[in-house]
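Following is a predicted model, sequence given first.
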Amino acid sequence: MKGALHQYLKQQKALYGNELYLSNKPAPLSEPKPEKKDLLANGKLDAYNQSICTCLECPLGKTRTNFVFGVGDPNADLFLVGEAPGEQEDLKGEPFVGRAGKMLDKVLYAIDRKRGDGVYIANVIKCRPPNNRDPLPSEVKKCEPYLIEQISQIQPKLIVALGRVAGKTLLKMDVPLKEMRDKTHDYNGTPLRVTFHPAALLRNSNFKKPAWIDFQWIRDYLQNV
Ligand code: SF4
């Protein structure tokens, strides 16, 4: 009963906000997860970043401010994928910053996770498309191999595409988000789910409940896989 109440309060705080929790105190997390690969993984990912960060394989390389490789735990079992860097990400060189990033952090907290601890975050393409337009197929073709290599190095148990564009780009199917959600797909041998982009949760609070259902599934899957 106590555990259920704690989980409920945590969910409410993460999804709807709660002054009670808005302190600077670091969020308590559950037991640290066991290491599944050796620590050299981090150095290997960094070396890979260094080897591709000057890429000019497509025209976006000339207009970017920063190459946005990805961030997180090199031993992550959960790999989150967005479509492409936006304005803030381009400026800071990190995926999912700004308001959408904070929303993502809240949802992760609700499932006992945080970026950098069991979670890795990247985008399908590494440079910002002008005016945040959707990535072009030609850009995806050039850039997706970098994501595939990141996934191959990290070997997550689950990939989660954040938003319709990320989902359709990875799955090569141009269908509405509702047709991709609530199904386990395959991405080069790794299970993949599709859910809402955190920015969509900020735009429309009606998406929070179905998003929470998705993230509960993700939490339970990772606990049991
Ligand atoms: S978007 Fe990808 S392929 Fe294009 S320049 Fe940037 S890193 Fe290279």
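All right, it came through fine.

Other residues contacting stretch 128-142?
Residues lying outside stretch 128-142 but in contact with it, judged by Cβ atoms under 8 Å, 6 or more residues apart in numbering, are 57-60, 63-65, 68, 83-87, 89-90, 124-125, 143, 165, 169. To be clear about C-beta, it is placed using only N, CA and C from the backbone, and glycine gets the same treatment.

does the ligand sit close to it?
Yes. Counting by Cβ under 6 Å from any ligand atom, the ligand is contacted by stretch 128-142 at 139, 142.

from the chain's centre, how far out does that stretch sit?
On the basis of Cα atoms, centre = their mean, to the nearest Å, stretch 128-142 sits 18 Å off its chain's mean C-alpha point.

Let's see it as PDB, backbone CA atoms only.
Extracted C-alpha coordinates of stretch 128-142, given in PDB (Å, rounded to 0.1, in the frame of the first residue of the first chain):
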ATOM      1  CA  ARG A 128      19.800  20.700 -36.800                       C
ATOM      2  CA  PRO A 129      17.600  21.000 -39.900                       C
ATOM      3  CA  PRO A 130      16.900  24.700 -40.800                       C
ATOM      4  CA  ASN A 131      13.800  26.000 -39.000                       C
ATOM      5  CA  ASN A 132      13.300  22.600 -37.300                       C
ATOM      6  CA  ARG A 133      11.900  21.000 -40.400                       C
ATOM      7  CA  ASP A 134      11.700  17.200 -40.600                       C
ATOM      8  CA  PRO A 135      14.900  15.500 -41.700                       C
ATOM      9  CA  LEU A 136      15.000  14.600 -45.400                       C
ATOM     10  CA  PRO A 137      15.400  11.000 -46.400                       C
ATOM     11  CA  SER A 138      18.700  11.900 -48.000                       C
ATOM     12  CA  GLU A 139      19.900  13.300 -44.600                       C
ATOM     13  CA  VAL A 140      18.600  10.300 -42.700                       C
ATOM     14  CA  LYS A 141      20.400   7.900 -45.200                       C
ATOM     15  CA  LYS A 142      23.700   9.600 -44.500                       C
END
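
Alright, that wraps it up for me.
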